[in-house]
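S.K.: got a predicted structure plus its sequence, pasted below:
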Amino acid sequence: MRRIAAPSVKIIMIPPPATQVFCPAKPIDRSHFPKILLNCRPPEKGSWHKELYVFFIFLYNLCEYFHTEGEPIVSFLIAMAGKGGTGKTTVAGMLLRYLLEHGKKPVLAVDADANSNLNEVLGLTVDSSVGAAREEMKKSGGMVDMTKDQLIEMRINQCLVEADGFDLIAMGQPEGPGCYCAANNLVARFMDVLAKNYPYILMDNEAGMEHMSRLTTNKVDLLMLVSDPSWRGIQAARRLKDLAQALKVVVGRPVLIVNRVTNGLSSRTMDEIATQGLELAGLIPEDSQVAEFDRQGRPTFTLPADSPALKGAYAIFDRLLT
C-alpha cells in the first residue's frame, strides 16, 4: 500500500529547457510508479526502457507543475530496541497488527536489524535491502543516463514490500570497509522523503540503533525498550536508552516493556527499574503459542486473538497510543 507523495524531481535525462520548467531540484517518491518503470535496467543508450521511463517522469512532472500540494504528512515514529533474545521483533509484529486493526495506517515498517527477520514475523518475503542498494551505488556508481541520486532513489523504492495497510523495507547489513559517507547521506535523504508518505512509522532496531542514528530527522516519538524479566535485561534496556541520547536522537517518550514474564517481576528487578529511571509500560506474559508458532516457522503476526501475549501487548498499546 504505497501512498503518493507530491515532491518533484531533478531529471538530467530530459533536455535542459524542459528540466528547468517542470523539474525543481527536489527528490521524488517513485513508490507509485508502474512496476515496469521501477524494475527496468536500461542496458544501453537508446533503450526503449529508458525512453519510457523518461517519458513517464516528464508527464508526471508536467502534472505536478499544475498541482497544488496539500498539507504534508507528519509521521509518528515508533522505534523498538532491545538486546537479542528478548522477543523484540515479535513485539514489533504485534504492534504493527495493533496499528492496522485500530485504523492507524498506512504504516511504514522498517527492519533496521542487520539480522533481518521482521519479514518472517510478518509472513513476507524480502528480496532486496537498502544496504544492498548502498553497496551497488558505492561500487558501480550510476546506470546509463542515471545519476547516483536517481539510482539510490529507485533502488530504495524497489526494496519496498507492499502488504495490506503497510509497506515493509529492510535496511540490511551494515557497510563493509571503505567510506560510505556519500552513500549514507543519500540513503538518509531518500528514506526521509519516503517516510513522509506514512502517518505511522515502526522501526525495529538492532541493539546499536545504527540506522536510527542516520535519519536526518533524528526524532523518535515513542521508544519502546523491550527486555526479558532478568536483572541484566533491565540494565541492557537502560543502556539502550542512554545510547539513544548519546546518538543525539530526540526521544519524545521512552518506555520499558518486559516480555516473557511468568510470575511477575522480582523485587530486585522492580527496584532496578526504579533505580534506572525507566517508565514501565507493562508486562507481556510468557505464551506457549508464540513458542509453537516459532517452532513451526509460522508468522507470529497471525497469532489467534486469544493469545495471552497478544492480549497483554494490546493492553500496553492501548495505554500508550490512545
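M.R.: In hand now; what should we look at? Numbering: from 1, shown residues only.

S.K.: can we go C-alpha only for contacts and neighbour counts from here?
M.R.: Will do.

S.K.: any low-confidence regions in the protein?
M.R.: The model of the chain has pLDDT under 70 over residues 1-72, 116, 137-146, 173-188, 207-217.

S.K.: outline the domain layout of it.
M.R.: 16-65, 76-321 (automatic domain parsing).

S.K.: deepest of those domains, which one?
M.R.: Compared across the domains of the chain, domain 76-321 shows the largest average neighbour count, a mean of 18 (mean count of other Cα atoms under 10 Å).

S.K.: measure that one end to end?
M.R.: 11 Å (Cα to Cα, to the nearest Å).

S.K.: can you give me the strands for the stretch 101-250 of the chain?
M.R.: Per DSSP state E, counting those that start in this stretch, the stretch 101-250 of the chain carries strands over the ranges 107-112, 161-162, 166-170, 200-205, 219-227, 250-261.

S.K.: mind putting those into a markdown table with distance to residue 293?
M.R.: Below are these laid out as a markdown table (distance: least, Cα to Cα, whole Å):
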| stretch | distance to residue 293 |
| --- | --- |
| strand 107-112 | 20 |
| strand 161-162 | 23 |
| strand 166-170 | 21 |
| strand 200-205 | 20 |
| strand 219-227 | 20 |
| strand 250-261 | 15 |
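
S.K.: closest to residue 152 out of the ones you listed?
M.R.: Proximity to residue 152, assessed across these by Cα to Cα, is greatest for strand 166-170 (14.0 Å).

S.K.: just checking: what are the partner strands of the closest one?
M.R.: Here strand 166-170 has these sheet partners by DSSP bridges: strand 107-112 (parallel), strand 161-162 (antiparallel).

S.K.: out of these, flag the one nearest residue 271.
M.R.: strand 107-112 (31.6 Å).

S.K.: touching that closest one from outside, list them.
M.R.: 96, 99-100, 117-119, 165-172, 195, 198-206, 209, 211-212 (Cα atoms under 8 Å, 6 or more residues apart in numbering).

S.K.: just want the angle from it to strand 200-205.
M.R.: 10 degrees (axes from the mean of the first three to the mean of the last three Cα atoms, to 10 degrees).

S.K.: residue 282: which of the strands paired with strand 166-170 is closest?
M.R.: Taking Cα to Cα, strand 107-112 is the member of the strands paired with strand 166-170 nearest to residue 282, at 22.8 Å.

S.K.: ok, now which ones touch the nearest residue to residue 273 once chain neighbours are set aside?
M.R.: Leaving out its chain neighbours, the residue that sits closest to residue 273 by Cα to Cα, 6 or more residues apart in numbering is residue 234, at 6.6 Å. For residue 234, the contact set (Cα under 8 Å, 6+ apart) comprises 227-228, 269, 272-273.

S.K.: filter those residues down to the ones in helices?
M.R.: In helices, judged by DSSP state H, the following of the contacts of residue 234 are found: 269, 272-273.

S.K.: what's near enough to touch residue 239?
M.R.: Contacts for residue 239 (Cα under 8 Å, 6+ apart) come out as none.

S.K.: kindly report the same for residue 78.
M.R.: Counting by Cα under 8 Å, 6+ apart, residue 78 has contacts 200-203, 220-224.

S.K.: between those residues, which is closest to residue 262?
M.R.: Using Cα to Cα, the contacts of residue 78 come closest to residue 262 at residue 224, 20.5 Å.

S.K.: and that closest one, how far from residue 299?
M.R.: Distance, residue 224 to residue 299, using Cα to Cα: 21 Å.

S.K.: residue 321 now?
M.R.: Residue 321 sits at a distance of 24 Å from residue 299 (criterion: Cα to Cα).

S.K.: can you give me the helices for the protein?
M.R.: Under DSSP H, the chain gives helices at 16-22, 35-39, 48-65, 88-101, 118-122, 130-140, 148-159, 181-195, 210-213, 231-246, 267-275, 288-296, 308-321.
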